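1. My questions are about this predicted structure, shown below with the sequence.
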Amino acid sequence: MAAIGKLLPSLAWFKATAAVAGVGLEEPVYKHYEDDEMPEFLAKFPYGRIPAFEGAEGFNLTEGAAIARYEKYLDGYPCQSSMSTESGFSDATILVAEIM
């Protein structure tokens, strides 16, 4: 399974969501309060927020729910939906992945 990008820091529920979506993630070594303050990190993520996802194609995201939705989007689920039931399903899937 090819990696879709890097996840900083590596969290179990992101790994679970990625596994459900059938995608791989790189998990580089991450040191909190060090790596997230480096100029290289801040160039990609100006607010210095974690968790942070750096896509293999240069697409960057922060915030856990956004990253999890993107992983589910890669599995064929819509990131946004006009129907609240579909949005609720996506959020419920993310919640299940958090508990795993």
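-> It's in. In this text the structure is predicted, and so the values were computed from the model without any measurement. Numbering: from 1, shown residues only.

2. what packs against the host helix or strand of Glu40?
-> Using DSSP states H and E, Glu40 sits in helix 39-44. Contact analysis of helix 39-44 by 3 or more Cβ pairs under 8 Å, 6 or more residues apart in numbering; DSSP states H and E lists strand 52-55 as its packing neighbours. Yep, even glycine has a C-beta here, placed from its N, CA and C like the rest.

3. how about the helices of the protein, start to end?
-> 12-21, 39-44, 64-74, 84-99 (DSSP state H).

4. number of nearby residues for Ala2?
-> Residues near Ala2, counting by other Cβ atoms under 10 Å, number 6.

5. Find the centremost residue of this structure, please.
-> Nearest to the mean C-alpha position of the chain, by Cα atoms, centre = their mean, lies Ile67 at 2.8 Å.

6. Quick check: chain neighbours aside, which residue is closest to that residue?
-> Nearest residue to Ile67, sequence neighbours excluded (Cβ to Cβ, 6 or more residues apart in numbering): Phe53, at 4.6 Å.

7. Now do stretch 30-48: distance to the chain's middle.
-> Remark: stretch 30-48 is offset 16 Å from the chain centroid, using Cα atoms, centre = their mean, to the nearest Å.

8. helices and strands around the biggest strand by length in the chain, which ones?
-> Using DSSP state E to define each element, the chain has its longest strand at strand 3-8. Where contact means 3+ Cβ pairs under 8 Å, 6+ apart, strand 3-8 is packed against strand 24-26, strand 52-55, helix 64-74.

9. Please identify which of these is closest to Leu11.
-> Leu11 lies closest to helix 64-74 among the helices and strands packed on strand 3-8, at 7.8 Å (Cβ to Cβ).
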